[in-house]
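Trainee: okay, predicted coordinates and the sequence, questions at the end:
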Amino acid sequence: MLLLIASACADGGGGASQALPSPTPSASTEPTPSPEPSPAQGRFRFLAIGDFGSGSSEQREVAARMCRLRDRLPYDLVVTTGDNVYDSGHPDRFDAAFFGPYSCLLEAGVRFRSTLGNHDIVTNNGRPELNEPALGFKARITSFAGPASGS
């Protein structure tokens, strides 16, 4: 599982990103926040995660870290790199693999913009995930822009 914290400024300057290691059973430290971009005006922060949708205790711990991090470094977007719902993208797994772990983010209005992975397309070529509004798909192929462009 990969968790990436990224931050960028609307004027293109001062952005930074940092990959966080997957938690280990003995890990109790909080992630080191990304350096603050400058200037703060026009800031755009997001998290990126991938290969996460197992519903495992490790996924739930990363999700809890994401929720705690949002208290210190506010962000309103999570981008996924696929494999959102193991092992086949079936809607019966949405609660355990997505809604449960990320409920604190979803309830706070954090948006998700997802990508389908090889496991996600096993069920009906990914159609259940494409049709789930919370996963943020606009179409099979899509793009989006940060708030600086008004999207």
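Mentor: Thanks, I have it.
Trainee: and the next helix or strand past the worst-scoring helix or strand of the chain on mean pLDDT?
Mentor: Lowest mean confidence among the helices and strands of the chain (mean pLDDT, DSSP states H and E): strand 16-20, at a mean of 45. As assigned by DSSP states H and E, the chain's next helix or strand after strand 16-20 is strand 43-50.
Trainee: so residue 129: helix, strand or coil?
Mentor: The three-state label given to residue 129 by DSSP: H, G, I helix; E, B strand; the rest coil is helix.
Trainee: contact partners for it?
Mentor: Contacts for residue 129 (C-beta atoms under 8 Å, 6 or more residues apart in numbering) come out as 84, 85, 89, 114, 116, 120, 135, 137. Bear in mind the C-beta positions are built from the backbone N, C-alpha and C, glycine included.
Trainee: tell me which of those has the lowest pLDDT.
Mentor: Lowest pLDDT of these: residue 137, 90.
Trainee: gap between it and residue 86?
Mentor: Distance of residue 137 to residue 86, computed by C-beta to C-beta, to the nearest Å: 18 Å.
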